[in-house]
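> Prediction below, plus the sequence it came from.
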Amino acid sequence: MGILIVSKNDPLVLKIITTLHQNGHKAYIAGGAVRDMLLSQLPEDVDILTDASARTVNSLFAHMGTKLVGKSFPICLVKGVEVASCRAGKAADFPEDDLGMRDFTINSMAWDPVSDTLVDPFFGKKDLANKIIRFTRDPGDRILEDPLRMIRACRFVALLDGSLAASSLTAILSHAHLIEANGKVARERIQMELIKAMGLTTPSVFFKNLHETGLLARILPCLDRCFDLDGGPHHGETVFEHSLLVGDALPANRPILRLAGFLHDAGKFDAAKIKEGKLTFAGHETHIEALQTDLDALRFSSRNKTYLLSLVQAHMRPLTEDTTPKAVRRLLAMLNRYDVSFRDFLRMRIADKRGNLAKSPYTLSQIRVRLKKIQNELSGRAAFNMNDLDISGSDIIELLGLKAGPEVGRIKKMLFERVLEDPSLNTRIDLESLLDPLKKRK
């Protein structure tokens with residue numbers, strides 16, 4: 001391979017492998033790190049595979065600080081670097097038998113950086129060059145060992161912008177039923193695969209492969225059902241195609257926002273109606289029940305679920321060149337209520353427009369106009385929730401001689417509405433003046 005730098009732990013990794021060699025053992029960098037290096041990428045983690053027992057490794061590196069972890073297959077951590085002992089076959093079959101237990105051929109390679117030797121018994125390097133995702137040895141066996149590998153296969157296809165081997169596709173189609181709500185895979189692990197996929201260049205490839213293999217209907221049925229749903233007279237693509245375009249247009253470093261882009265129109269399936277001979281999706285952003293069910297099934301945290309659902313519900317709120325300052329303030333108040341930043345709202349609006357093949361995307365000047373409208377209102381005295389008022393509930397109680405209760409909340413809401421209409425009223429003096437008529441009633 002001729003690669004000298006393998007990771008930020010490069011000196012430590014080389015020292016461990018060299019020490020194992022000097023003590024009569026074989027040792028290799030194995031798995032995903034080899035794949036990444038062949039792709040000229042710096043591996044995030046580097047794992048070492050050796051024919052030395054975990055106890056031997058622990059003894060050799062005890063002076064460096066070691067820790068034994070794992071029950072079925074003990075692993076020795078040497079200053080944080082995983083050193084795994086062979087777990088299959090005899091020492092004479094090392095490392096081929098161990099590599100044969102890994103998920104895909106592109107992850108079933110090992111490299112000795114000391115002798116610059118690549119061990120590739122399943123032709124993973126060739127599959128990597130051809131961008132083919134192929135299960136190692138028997139695909140059915142690999143899937144039954146861990147059905148999550150079917151979802152990982154689709155993610156690796158998207159990572160490489162490649163395709164599934166015919167044997168992989170056939171096996172996944174036959175075993176897709178293992179990914180069920182009551183199946184063998186923890187839903188949290190599926191959620192993690194979704195989040196990882198959001199960091200890819202084009203996650204749409206991931207979703208397309210999930211649909212083609214029958215996995216999407218078992219993971220996110222709210223999106224899968226939109227596959228053949230007409231986008232309506234205002235779109236030049238199906239709802240599914242639009243969703244994928246929008247998701248791809250959002251930033252990879254904001255995974256939950258990006259996932260919201262892929263799911264933002266899932267409610268169109270429930271909202272679809274024919275009105276005056278035309279397909280309409282009026283109010284689709286409020287149809288969040290199916291999406292909520294899927295997020296619950298995937299064990300999303302309350303925080304991420306609330307954010308996703310809030311952004312979906314907010315994404316249709318208009319913001320144009322003609323939007324009045326009052327309407328902008330009401331928009332910001334709504335975003336504040338949903339705990340969605342105006343930046344994420346704008347990102348979603350921009351991506352939503354870009355994903356519509358019947359319309360032109362926003363120009364830079366159009367984006368600046370919308371941003372300026374928001375900044376103008378944020379720079380003033382406008383209140384975007386009732387706690388932004390220059391008067392508190394305690395002040396209202398004292399001024400009007402009230403007891404704490406719902407009436408105080410209703411009065412505060414009335415003041416908030418007046419300040420939304422006219423931000424200049426958000427001063428203690430003006431707000432007290434607005435309470436004068438209520439004082440007379442008392």
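Perfect, I can see it now.
> The closest residue to Asn336 other than its chain neighbours in helix, strand or coil?
Counting by C-beta to C-beta, 6 or more residues apart in numbering, Phe384 is the residue found nearest to Asn336 once chain neighbours are left out, at 4.2 Å. (C-beta placed from N, C-alpha, C; glycine too.) Recorded secondary structure, Phe384: coil (DSSP: H, G, I helix; E, B strand; the rest coil).
> show me the contacts for Phe384.
By C-beta atoms under 8 Å, 6 or more residues apart in numbering, Phe384 lies in contact with Arg329, Leu332, Ala333, Leu335, Asn336.
> Tell me how far the fourth one lies from Phe384.
Just to be clear, that refers to Leu335. For Leu335, the distance to Phe384 equals 8 Å [C-beta to C-beta, to the nearest Å].
> Equivalent analysis for the third one, please.
Going from Ala333 to Phe384 by C-beta to C-beta gives 5 Å.
> The first one now?
Between Arg329 and Phe384 the computed distance is 7 Å (C-beta to C-beta).
> Residues contacting the helix or strand harbouring Gly409 from elsewhere in the structure, which ones?
Element membership of Gly409, judged by DSSP states H and E, is helix 406-421. By C-beta under 8 Å, 6+ apart, the residues outside helix 406-421 that reach it are 326, 329-330, 333, 382-383, 385-386, 389, 391, 393, 396-397, 400, 402, 425-426, 431, 434-435, 438.
> let's see 6 Å
Arg329, Ala383, Met386, Leu389, Gly393, Ile396, Leu402, Leu425, Asn426, Leu431 (C-beta atoms under 6 Å, 6 or more residues apart in numbering).
> In stretch 237-253, which residues are buried?
Buried residues in stretch 237-253, defined by neighbour count with 16 or more other C-beta atoms under 10 Å: 237-250.
> Need those residues in CSV (columns: distance to Gly183 and pLDDT).
Below are the buried residues of stretch 237-253 laid out as CSV (distance: C-beta to C-beta, whole Å; pLDDT from 0 to 100):
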residue, distance to Gly183, pLDDT
Glu237, 32, 96
Thr238, 29, 97
Val239, 27, 97
Phe240, 24, 98
Glu241, 29, 98
His242, 30, 98
Ser243, 25, 98
Leu244, 25, 98
Leu245, 31, 98
Val246, 29, 98
Gly247, 25, 98
Asp248, 29, 98
Ala249, 32, 98
Leu250, 30, 98
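> May I ask which two of those are separated the most?
Distance extremes for the buried residues of stretch 237-253: the farthest pair is Thr238 and Leu250 at 19.1 Å, using C-beta to C-beta.
> before we move on, the earlier item: buried subset of the contacts of Phe384?
Of the contacts of Phe384, these count as buried by 16+ other C-beta under 10 Å: Arg329, Leu332, Ala333, Leu335, Asn336.
> Give me the distance between Tyr28 and Glu145.
Remark: distance between Tyr28 and Glu145 (C-beta to C-beta) = 22 Å.
> correction: Leu389
60 Å.
> Of the two, give the one with the bigger neighbour count.
Leu389 (21 against 11; other C-beta atoms under 10 Å).
> what about the more buried one, distance to Asp47?
57 Å.
> Over to Leu257?
Relative to Asp47, Leu257 is positioned 32 Å away (C-beta to C-beta).
> do the same with Phe207
Phe207 sits 30 Å away from Asp47, taking C-beta to C-beta as the criterion.
> The two: which has the busier surroundings?
It is Phe207, of Phe207 and Asp47, that has more neighbours when counted by other C-beta under 10 Å, with 26 against 19.
> can you pull the contacts of the more buried one?
With C-beta under 6 Å, 6+ apart, Phe207 has these contacts: Leu244.
> Please identify which helix or strand holds it.
In this structure, Phe207 sits in helix 203-212 according to DSSP H and E.
> That helix: how far from the chain's middle?
Distance, stretch centre to chain centre, for helix 203-212: 14 Å (C-alpha atoms, centre = their mean, to the nearest Å).
> What of stretch 316-332?
Stretch 316-332 sits 29 Å away from the centroid of its parent chain (C-alpha atoms, centre = their mean).
> Could you check it and say which residues are buried?
Under the neighbour-count criterion of 16+ other C-beta under 10 Å, stretch 316-332 has Met316, Arg317, Leu319, Thr323, Ala327, Val328, Arg329, Arg330, Leu331, Leu332 buried.
> Among these, list the two that are farthest apart in space.
Met316 and Arg329 (18.0 Å).
> Where does pLDDT dip in this structure?
1-9, 71-72, 88-92, 181-182, 440-442 (pLDDT under 70).
> for the residue nearest to the spatial centre of it, what are its contacts?
Against the mean C-alpha coordinate of the chain, by C-alpha atoms, centre = their mean, the closest residue is Ile195 at 2.9 Å. By C-beta under 6 Å, 6+ apart, Ile195 lies in contact with Pro255.
> same thing with Thr56?
Residues near Thr56 by C-beta under 6 Å, 6+ apart: none.
> So which bits of the host helix or strand of it are buried?
Using DSSP H and E, Thr56 maps to helix 54-60. For helix 54-60, burial by neighbour count (16+ other C-beta under 10 Å) applies to Ala54, Thr56, Val57, Asn58, Leu60.
> circling back: now render the buried residues of stretch 316-332 as CSV, adding secondary structure and distance to Asp97.
Below are the buried residues of stretch 316-332 laid out as CSV (DSSP: H, G, I helix; E, B strand; the rest coil; distance: C-beta to C-beta, whole Å):
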residue, secondary structure, distance to Asp97
Met316, coil, 56
Arg317, coil, 59
Leu319, coil, 60
Thr323, coil, 66
Ala327, helix, 67
Val328, helix, 65
Arg329, helix, 67
Arg330, helix, 66
Leu331, helix, 62
Leu332, helix, 62
